[in-house]
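Chemist: Sequence plus the predicted model coming up.
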Amino acid sequence: MKLMSSVVMAGALALSACATTTSTGTTTGTTTTGTTAGTTTAVTASSAFTSSFWTRGSPSDLAIEAAALNNAELASVADPAIGGVTFLVGTDSDSALGYAAVNFGSAPGTTVTTGGATYDASYRVVQLSNVKKSGSTLTADTLIDSGLITLTADFDAGTLTGSSGDLDVAGLILVNDLNGAVSFRSVAGALDGEIGADGVLGAFHGSTGGTVYAGGFAGQDR
C-alpha cells in the first residue's frame, strides 16, 4: 500500500454478516451530529483545515493522537476476514485535523489482474465543521455518517467506483494497491488502500476551508 500525505482542496446490498463499524462516539441510526458549544469567531481559512494519511507509526497509534486533541472522534470500520481501517478527526489550538490509515496486517487476498468484481462494503466517516475559536481552543460540530456501499472493480481498466449517500468513490487500482479520490458531502478527498480477490479496504480524508473529514470502507467480494 502506498502512503501519501495531502491537504485536500481538491442501496444498498446486504453486507457480509461479519462486517463491523466502531466509533468512540454515540451513534443513533446511521448519521449523528453533536455540537461543542462555544462563543466566538468562525474559523474559515483553508490553512486551518488539514488532513493526511497516517504515517507516524501504526494506525493503532491514532488512539494516542486522539488523546492529545480536542473534539476528537476516533473510529474504525473492519471486516474480520480481511482487516480494517482506522481514522480520526480532532482539533488542536489552531487547526482542525483528520487522519486515516489501513490497519497493519490487513489482507484482502491475492492479486486480481483481469475481469471485474463487486464488493459489498460498510463505510464510516467522521467530520468536523462549524469550527470556531473560543479563547485558546477551537470548538466544532461533529458529524458521524455510516452505511453500506457497493463498489465495482474493473481490473482491466484499473478502476474502483461506487456511491452511497453523501460518499462517492473513484479509485484507481495498481496491482494490490488502491488510490484515487473520494467526495464526501461535495468536499473532495484522497483515497488509499488495498484490494484483492477476497475484499477491499480504503482509507480516505479530505478538507476545505470550513470542514475536515476522515473515513474508511471495508468489504468482501460478493
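Modeler: Received it, and whenever you're ready, just let me know what you need. Residues are numbered from 1 along each chain as shown.
Chemist: Show me the helices in this protein, by range?
Modeler: Listed in chain order, the helices of the chain (DSSP state H) span 62-67.
Chemist: hey, which helix or strand in it has the poorest pLDDT?
Modeler: strand 5-6 (a mean of 34; mean pLDDT, DSSP states H and E).
Chemist: Give the buried residues for stretch 70-77.
Modeler: Buried residues in stretch 70-77, counted by 16 or more other C-beta atoms under 10 Å: Asn71, Ala72, Glu73, Leu74, Ala75, Ser76, Val77. In this view, the C-beta of every residue, glycine as well, is placed from N, C-alpha and C.
Chemist: show me the contacts for the first one.
Modeler: Just to be clear, that refers to Asn71. Thr36, Val89, Gly90, Thr91, Ala96, Leu128, Leu138, Thr139, Ala140, Thr142 (C-beta atoms under 8 Å, 6 or more residues apart in numbering).
Chemist: Among those residues, which one sits closest to Thr118?
Modeler: Nearest to Thr118 among the contacts of Asn71 is Val89, at 30.0 Å by C-beta to C-beta.
Chemist: Surely the closest one is in contact with Ala72?
Modeler: Yes: Val89 is within contact range of Ala72, at 7.3 Å (criterion: C-beta atoms under 8 Å).
Chemist: Confirm for me that Gly180 is in contact with Gly162.
Modeler: No: with contact defined as C-beta under 8 Å, Gly180 does not reach Gly162; the gap is 11.6 Å.
Chemist: These two: who's more crowded?
Modeler: Between Gly180 and Gly162, counted using other C-beta atoms under 10 Å, Gly162 has the larger neighbour count: 23 against 20.
Chemist: Enumerate the beta-bridge partners assigned to the more buried one.
Modeler: Note on Gly162: beta-bridge partners Val169, judged by DSSP bridges.
Chemist: quick one, phi/psi of Thr110?
Modeler: phi -70, psi 160 (degrees, to the nearest 10).
Chemist: residues touching the closest residue to it other than its chain neighbours, list them.
Modeler: Excluding its sequence neighbours, the residue lying closest to Thr110 (C-beta to C-beta, 6 or more residues apart in numbering) is Ala197, at 4.8 Å. Going by C-beta under 8 Å, 6+ apart, Ala197 touches Pro108, Gly109, Thr110, Thr111, Val112, Ala117, Asp221.
Chemist: In strands only, show me the residues you listed.
Modeler: Applying DSSP state E to these, the entries found in strands are Ala117, Asp221.
Chemist: Throw the contacts of Ala197 into CSV and include neighbour count, thanks.
Modeler: As requested, the contacts of Ala197 are exported to CSV (neighbours: other C-beta atoms under 10 Å):
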residue, neighbour count
Pro108, 27
Gly109, 17
Thr110, 9
Thr111, 12
Val112, 19
Ala117, 19
Asp221, 20
